[in-house]
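*Asks:* here is a sequence together with a model predicted from it:
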Amino acid sequence: MNIENIKKPNITSERINQKVMPILRKMEKSGIKLDCDAVRKLDRKLSKRVSQIEEQIVKFSGHEFNISSPTQMAEVLFVEMKLPTEDLKKTKTGISTAANELNKIKDKHPIIVLILENRELSKLISTYLRPLPMIVDKSSRLHTTYGMETATGRLTSSEPNLQNIPIKGKFGGEIRKAFIASEGMKLIAADYSQIELRIIASISHDTAMIDAFKRGDDIHSKTAAEIFNTTLKKVTRDQRRIAKAVNFGIVYGQTPYGLSQALNIGIDKAAEYILHYFEIHQGIRRYINEMVEKAHKDGYVETIFGAKRFLPNIDSRIRYIAESEERMAINMPVQGTAAEILKLAMIALDKRLVSYNKKKPVPSKMLLTVHDELVVEAPSEDAQEVAKIVKESMEEVVTLEVPIIAELGVGDNWQEAKS
DNA sequence: TGCTTCACG
DNA sequence: ACGTACGTGAAGCAA
């Protein structure tokens, strides 16, 4: 990995972690405000729907059972109702009833859709809607705890985890709307655009991807144009969807089998897409080979700031164990460098906010960090000015071979700030 | 306590 | 014949 063309501050990953630690402690102390009334209201609404769905599930199955028990669910579906199991994965304890498996037999019986809806709603209720209002402080704020002991250098968030607050699905946005700015304040949400792909483009020197980012192309459409031998303009939604999966898969060391599962297509087709991708992106192919080679030779891989990940089983004779660590070798330098860039941005932003706040009666504060995103709270009248500081801090912290772009929004709640 | 499932990036 | 895309944390069940 040759990183001569990357302009970066002269600092090690260890020093980055030391400097970010006190910033995390400040963010934990600040907390973020939760609209508990809105959460409880949504809880009541979804709970009512769950009861209705449960009644229908009981009707179809013929008796009451614990819908949250995968064991009982499998018994009902595959033994009592005799639904087909050929296509489904097995777990250590039986046949899987995970959502992606049930999706395969969705049209075999109307009970499946009900189960999927029930799962979605009970997840939201039991993990977010019910617990969160119980643990706010007297100002209605939630305080997470950040951790740094991860394999790649990412941060963790726990008790509560504020890095997995729903955003997708029918009600994800509703939940994010309950994370609100304090009185007289706004939330600023800023996230890096395609940071991991920009990093892999830079450290692999892949010409095609670097050009695409320099031109400001939509990277997934660009990939689609490449693998389907067409032009940017002619790319269909479906082609873009497939290309997006290919782009994500690349960073994880995905196999044709994995891509075929993710897209519900044949292995042959998946293999063809991947092969075609590597014909065009030879720099990416070289990067992958280099990382796997290095891991075998040195026993570790590292980020551009020198954080190492040791891979003690990379030479295992059990093939899937060795292959699993080879994928970690491919992914960690990318995911880890992205984590370091966000931490550096936080260090830069903290410094600027401290000085900015000196001439202000109400301080602006970083509240959350979510892997490639920062959430900041600022007095309404300062919000636009602070947003600019956030954007600059994020974009100017390193100079890759491609531009780094932070997209940001301002709003009264987290959902609004993301658009 | 370990497993399964599922929320996020 | 094996397994198959990386990194996390939390809830509920089963033993």
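*Replies:* Noted; the coordinates are in hand.
*Asks:* and the residue of chain A closest to DNA strand C?
*Replies:* residue A:258 (2.0 Å; CB to the nearest atom of the strand). From N, CA and C alone the C-beta is placed, and that goes for glycine too.
*Asks:* from the chain's centre, how far out does the strand or helix carrying that residue sit?
*Replies:* Assigned by DSSP states H and E, residue A:258 belongs to helix A:256-263. Chain-centre distance of helix A:256-263: 19 Å, with CA atoms, centre = their mean, to the nearest Å.
*Asks:* ok, stretch A:293-308 next?
*Replies:* The answer for stretch A:293-308 is 24 Å, by CA atoms, centre = their mean.
*Asks:* re the thing from before, isn't the residue of chain A closest to DNA strand C right up against residue A:249?
*Replies:* Yes: Residue A:258 is in contact with residue A:249 according to CB atoms under 8 Å; the separation is 6.5 Å.
*Asks:* measure the closest residue to residue A:386 other than its chain neighbours to residue A:410 for me?
*Replies:* Distance criterion CB to CB, 6 or more residues apart in numbering; nearest residue to residue A:386, sequence neighbours excluded, is residue A:378 at 4.0 Å. The spacing between residue A:378 and residue A:410, counted by CB to CB, to the nearest Å, is 8 Å.
*Asks:* joint contacts of the two?
*Replies:* A:186, A:188, A:387 (CB atoms under 8 Å, 6 or more residues apart in numbering).
*Asks:* top of those by neighbour count?
*Replies:* Highest neighbour count within those, by other CB atoms under 10 Å: residue A:188, with 28 neighbours.
*Asks:* which outside residues touch whichever helix or strand it is part of?
*Replies:* Secondary structure assignment for residue A:188, by DSSP H and E: strand A:185-192. With contact meaning CB under 8 Å, 6+ apart, strand A:185-192 is reached by A:179-181, A:338, A:341-342, A:362, A:367, A:370, A:372-380, A:383, A:386-387, A:390-391, A:394, A:404-414, A:416-418.
*Asks:* buried only: go through these for me.
*Replies:* Buried members of those, scored by 16 or more other CB atoms under 10 Å, are A:179-181, A:338, A:341-342, A:367, A:370, A:372-379, A:383, A:386-387, A:390-391, A:394, A:404-406, A:408-411, A:413-414, A:416-418.
*Asks:* hmm, back to that, residues near the residue of chain A closest to DNA strand C, how many?
*Replies:* Neighbours of residue A:258 (other CB under 10 Å): 17.
*Asks:* report the contact partners of it.
*Replies:* So residue A:258 contacts residue A:249 (CB under 8 Å, 6+ apart).
*Asks:* which stretches of the stretch 1-150 of chain A form helices?
*Replies:* Along the stretch 1-150 of chain A, counting by DSSP state H, counting those that start in this stretch, helices occupy A:13-30, A:36-61, A:70-74, A:99-102, A:111-124.
*Asks:* how about the stretch 201-350 of chain A?
*Replies:* Going by DSSP H, counting those that start in this stretch, the stretch 201-350 of chain A shows helices at A:207-215, A:219-227, A:237-252, A:256-263, A:267-280, A:282-298, A:319-357.
*Asks:* what residues does the stretch 151-300 of chain A put near DNA strand B?
*Replies:* A:163, A:164, A:165, A:166, A:167, A:168, A:169, A:172, A:191 (CB under 7 Å from any atom of the strand).
*Asks:* of these, which is the most crowded?
*Replies:* In those, the most neighbours by other CB under 10 Å go to residue A:165, 21 neighbours.
*Asks:* can you name the helix or strand that it falls in?
*Replies:* If you go by DSSP H and E, residue A:165 is not part of any helix or strand.
*Asks:* same check on the one 10 residues further on?
*Replies:* In this structure, residue A:175 sits in helix A:169-176 according to DSSP H and E.
*Asks:* hang on, the earlier thing: of the contacts of strand A:185-192, which belong to strands?
*Replies:* A:179-180, A:367, A:373-379, A:406-411 (DSSP state E).
*Asks:* who are the neighbours in contact with the residue in the stretch 201-350 of chain A that DNA strand B sits nearest to?
*Replies:* Relative to DNA strand B, the nearest point of the stretch 201-350 of chain A is residue A:335 (6.2 Å; CB to the nearest atom of the strand). Shown in contact with residue A:335 (CB under 8 Å, 6+ apart): A:152, A:153, A:154, A:196, A:251.
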